[in-house]
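Chemist: build the 3D model from these lines:
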Amino acid sequence: MGSYLTFGPGAKQSYRTLILRWDGTAWVRVASPSPGTADNFLYGVAAVSSRDAWAVGEYDDGALILHWDGTAWHRVADPGPRTALLSSVAALSSRDAWAVGYDNLAGFEQARTLILHWDGTTWDRVASPSPGTADNYLYGVAAVSSRDAWAVGDDLGRQGYQALVLHWDGTAWERVASPSPGDSYLNAVAATSPGNAWAVGGYSIDPDAPPQRTLILHWDGTAWRRVASPSPGTADNFLTGVAAVSSRDAWAVGSGGQTLILHWDGTAWRRAASPNPSFGDGLLGVAAISPGNAWAVGDYTVGGYISRDPARPGR
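Modeler: Residues are numbered from 1 along each chain as shown. Below you'll find the model as predicted:
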């Protein structure tokens, strides 16, 4: 799931959506809509069953939502404005799914949070806090039940960027207090129960001078607390994905000048060895279904250096 670059007449560039599927034997590319004439990107995916999956992102005219019905991927209408982007999706059932992102309806310096809900028939926009005086972004969403979901990102106010955590209690989305050391941002969230959730990202004491450090927050059912995490890179260190199997088994991935994988064993976050095909490698997402079965994905360059914005990794 993602995008690829094509060249048309006159070397005109066009990004097209890209979806791959594992059939038990091999990864196979599956046809997917690309409604935009120039830009088509997918950033998040969630599956309920082999016949029910969602992918979200953006295209020329705003938010992009695709649905898999077991036979083909189809575009589904969304209520987002033309300036909207969807970065993540979580699905509990065929009648209960969330997609989050942001819209720039007020201008690119005044982004507002965007949350959509699927009720089995349509995607509807649900009111969500945008506490920052300028930019407000959501990058990750996770749902435990119809009355318990989380969305994370950041907001820009007079004190710089602050970690933004929103919670759904079955009635409304509300902001929940969370630690924000320095200039903080959260890229992903995972939850296994009402008393166990993780959010990951990064922070910098001086936003204009690296190094960036990894940031991991934990929800214990009462409050979000910061948990110590390794930052092995000499420059930027940030986390872009998190997956949790249980209260004693979770993974976080990102970059520290090379691929960065951290593991939670119930006591502490520790770095796990990971391959690095080239300089500047990074991991963007992770999924885990058991202590012995997890996947991490990202990218690397050949013959060059890949430059990422640590505050917007993968965006």
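Chemist: please enumerate the helices of the stretch 201-315 of the chain.
Modeler: With helices called from DSSP state H, counting those that start in this stretch, the stretch 201-315 of the chain shows none.
Chemist: low pLDDT regions in it?
Modeler: Counting by pLDDT under 70, the stretch 201-315 of the chain contains low-confidence ranges at 207-211, 279-280, 302-315.
Chemist: go with 90
Modeler: Applying pLDDT under 90 to the stretch 201-315 of the chain picks out residues 205-212, 233-236, 256-258, 276-282, 299-315.
Chemist: ok, now the stretch 51-200 of the chain?
Modeler: Applying pLDDT under 90 to the stretch 51-200 of the chain flags residues 61, 78-83, 104-110, 132-135, 156-161, 182.
Chemist: what do you get if the cut-off is 70, keeping everything else the same?
Modeler: 105-109.
Chemist: so where do the strands sit in it?
Modeler: Using DSSP state E, counting those that start in this stretch, the strands of the stretch 51-200 of the chain run over 52-59, 62-68, 73-75, 84-93, 96-103, 112-118, 123-125, 136-145, 148-157, 160-168, 173-175, 183-193, 196-204.
Chemist: deepest-packed of these, please.
Modeler: strand 196-204 (a mean of 27; mean count of other Cβ atoms under 10 Å). Where C-beta positions appear, they are placed from N, C-alpha and C, glycine not excepted.
Chemist: off-centre distance for that one?
Modeler: Centroid separation for strand 196-204 versus its chain: 12 Å, with Cα atoms, centre = their mean, to the nearest Å.
Chemist: over to stretch 247-257?
Modeler: 14 Å.
Chemist: please apply the same query to stretch 139-148.
Modeler: Chain-centre distance of stretch 139-148: 13 Å, with Cα atoms, centre = their mean.
Chemist: can you list contacts of that stretch?
Modeler: Residues outside stretch 139-148 that contact it (Cβ atoms under 8 Å, 6 or more residues apart in numbering) are 87-92, 96, 98-101, 115, 149-153, 167-170, 185-194, 197, 199.
Chemist: what does stretch 154-166 give?
Modeler: When contacts are defined by Cβ under 8 Å, 6+ apart, stretch 154-166 is touched by residues 113, 115, 128-138, 150-153, 173-180, 182-186, 189, 199, 201, 203, 207, 215, 217, 224, 311.
Chemist: using CSV, write out every CA atom in it.
Modeler: The C-alpha trace of stretch 154-166 is given here as CSV (Å, rounded to 0.1, in the frame of the first residue of the first chain):
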residue,chain,number,x,y,z
ASP,A,154,0.3,17.3,17.1
ASP,A,155,-0.9,20.9,17.3
LEU,A,156,1.0,24.2,16.9
GLY,A,157,0.5,26.9,19.4
ARG,A,158,2.5,29.7,21.0
GLN,A,159,4.8,27.2,22.7
GLY,A,160,5.6,25.3,19.5
TYR,A,161,4.4,21.9,18.5
GLN,A,162,2.7,19.8,21.2
ALA,A,163,1.7,16.2,21.2
LEU,A,164,-2.0,15.9,20.5
VAL,A,165,-4.1,12.9,21.9
LEU,A,166,-7.8,12.6,21.3
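Chemist: looking at the strands of the stretch 51-200 of the chain, spot the one closest to Thr267.
Modeler: With Cβ to Cβ, the closest approach to Thr267 among the strands of the stretch 51-200 of the chain belongs to strand 196-204: 14.5 Å.
Chemist: helices or strands next to that closest one in the packing?
Modeler: Counting contacts by 3 or more Cβ pairs under 8 Å, 6 or more residues apart in numbering; DSSP states H and E, strand 196-204 packs against strand 136-145, strand 148-157, strand 160-168, strand 183-193, strand 213-219, strand 238-246, strand 249-255.
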